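Participant: Predicted structure and sequence below. I'll ask about it afterward.
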Protein chains: 2
Amino acid sequence: MQAIEFYFDPISPFAYLGSVQIERVAARLGREVDWKPVLIGVTVLKVMGLKPVPETPLKGPYMQQDAVRLAEYFDVPFRYHGLKGINALAALRAFLMLKQRDAALAKSFARRIFDRLWVRGLNITPPEAVAEEASALGIDAQALLRDIETDHAKGTLKQAVDAAIQKGVFGVPWFVVDGQPIWGVDRMWMVEHWARHHSWRHA
Amino acid sequence: MQAIEFYFDPISPFAYLGSVQIERVAARLGREVDWKPVLIGVTVLKVMGLKPVPETPLKGPYMQQDAVRLAEYFDVPFRYHGLKGINALAALRAFLMLKQRDAALAKSFARRIFDRLWVRGLNITPPEAVAEEASALGIDAQALLRDIETDHAKGTLKQAVDAAIQKGVFGVPWFVVDGQPIWGVDRMWMVEHWARHHSWRHA
């Protein structure tokens, strides 16, 4: 059976909530999850021509309140950091370099990045953040920091981002389950329904 | 018990789906629904500074596909019209004029407008469309068409739109249940959960 694709960017609180939820859903379905990084800010600004959600009047504050209550509902640890100008460039290059060697380890690393930002409230942007989370998993952090500065690492992330845009991914979390694209942490029920029935009609 | 507020604009397929779903949910809860019109295009363009969803790259086509599958899942009659440049200005003025006299009749009228656009695939923009749907309900259509041209009707709709923006309403369907704002037809479960528990924690 094909893995469920899970597109994520650690800067999104909804992707964080989705990263917890999708593993719960996949476990119930007995399916694997393939984690795929995107830089959602690039897509929103350059492809869609929109402003970032946190800077959008009315929507910004609502989405913040919404993430908090969803975390409460899902019973997932969560708190809003007050950090500005964060991005996941280094972290996602590191994720992809790790994934080429060991997908499970890469996933553990991504989970630590999510946790760092959305539970511990620490910045994920600087290479030092990447090094700290890698070290905690027993990864050679200095080698990883050298890796993510290579053209190969940069090209691999760019390719991943471009491929996601080609597939129409414009938000996170984004799931593809047996060919069906599904956007949003509030749509986990659709992931489960499609995986089980391959139809939108009720049984 | 307070009525559940339901903010709608007939031009949104999701508001249409929500208009069917909220009445099902309210019936289960034994609650009334207060239908409140907005002109969502005004909010999106002028307040949020975004472009309309159908014209947004990647998101436009996805949302169309999404409305179709949600309708299938909810078992609600639905088809995509190919109409361009529709707006609900006349229809929503008429709705508010009817609501001042008879809220139930106004709701029946709004349902016909939704049905006209999203089931029958007919334009809702011209006053003739308003007249046709009003007549079908036994309403004096000529009197209604005169009514919606008055400053009172125009001012009433403007006031409703402004009040919704003040409350933070930036999308449809939008619900307010016991003080909690909830956006999206995929969030009916939250409406129900909040109405029953007044908490996001699980019982």
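Facilitator: On my side now, so go ahead. Here the structure is a predicted model, which is why all the values come from computation and not from measurement.
Participant: Check the offset of the lowest-mean-pLDDT helix or strand in chain A from the chain's centre.
Facilitator: In chain A, the helix or strand scored least confidently by mean pLDDT, DSSP states H and E is helix A:40-42, which has a mean of 89. In terms of C-alpha atoms, centre = their mean, to the nearest Å, the gap separating the centre of helix A:40-42 from the centre of its chain is 12 Å.
Participant: Beyond that helix, next helix or strand please.
Facilitator: Per DSSP states H and E, the first helix or strand lying C-terminal to helix A:40-42 is helix A:59-74.
Participant: residue ranges for the strands of chain A, please.
Facilitator: A:4-8, A:33-37, A:174-177, A:180-183 (DSSP state E).
Participant: Residues of chain A that sit close to chain B?
Facilitator: Residues of chain A lying close to chain B (C-beta under 8 Å from any C-beta of the partner chain) are A:43, A:47-51, A:56-59, A:61-62, A:65-66, A:69-70, A:72-73, A:75, A:165, A:168-171, A:181, A:183-184, A:186-187, A:190, A:193, A:200-202. Bear in mind the C-beta positions are built from the backbone N, C-alpha and C, glycine included.
Participant: Emit the PyMOL select command for whichever of these are buried.
Facilitator: Selecting only the buried entries of the residues of chain A next to chain B in PyMOL, with 16 or more other C-beta atoms under 10 Å in any protein chain shown as the criterion:
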select buried, chain A and resi 43+47+48+50+51+56+57+58+59+62+66+69+70+73+165+168+169+170+171+181+183+184+186+187+190+193+200
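Participant: what about A:Arg116, distance to A:Leu39?
Facilitator: Applying C-beta to C-beta, to the nearest Å, the value for A:Arg116 to A:Leu39 is 18 Å.
Participant: Same question for A:Leu50.
Facilitator: Counting by C-beta to C-beta - A:Leu50 and A:Leu39 are separated by 15 Å.
Participant: What of A:Ala131?
Facilitator: 20 Å.
Participant: Who has more neighbours out of these two?
Facilitator: Neighbour count, other C-beta atoms under 10 Å in any protein chain shown: between A:Ala131 and A:Leu39, A:Leu39 has more, with 21 against 18.
Participant: nearest spatial neighbour of A:Pro77, skipping sequence neighbours?
Facilitator: Distances taken as C-beta to C-beta, 6 or more residues apart in numbering or on different chains put A:Val119 closest to A:Pro77, at 4.9 Å, once the chain neighbours are dropped.
Participant: among the strands of chain A, which is nearest B:Ile139?
Facilitator: strand A:180-183 (40.5 Å; C-beta to C-beta).
Participant: gap between the closest one and the chain center?
Facilitator: Using C-alpha atoms, centre = their mean, the mean C-alpha position of strand A:180-183 is found 15 Å from that of the whole chain.
Participant: do the same with stretch A:10-22
Facilitator: 6 Å.
Participant: Report the mean per-residue pLDDT for it.
Facilitator: Averaged across stretch A:10-22, the pLDDT comes to 97.
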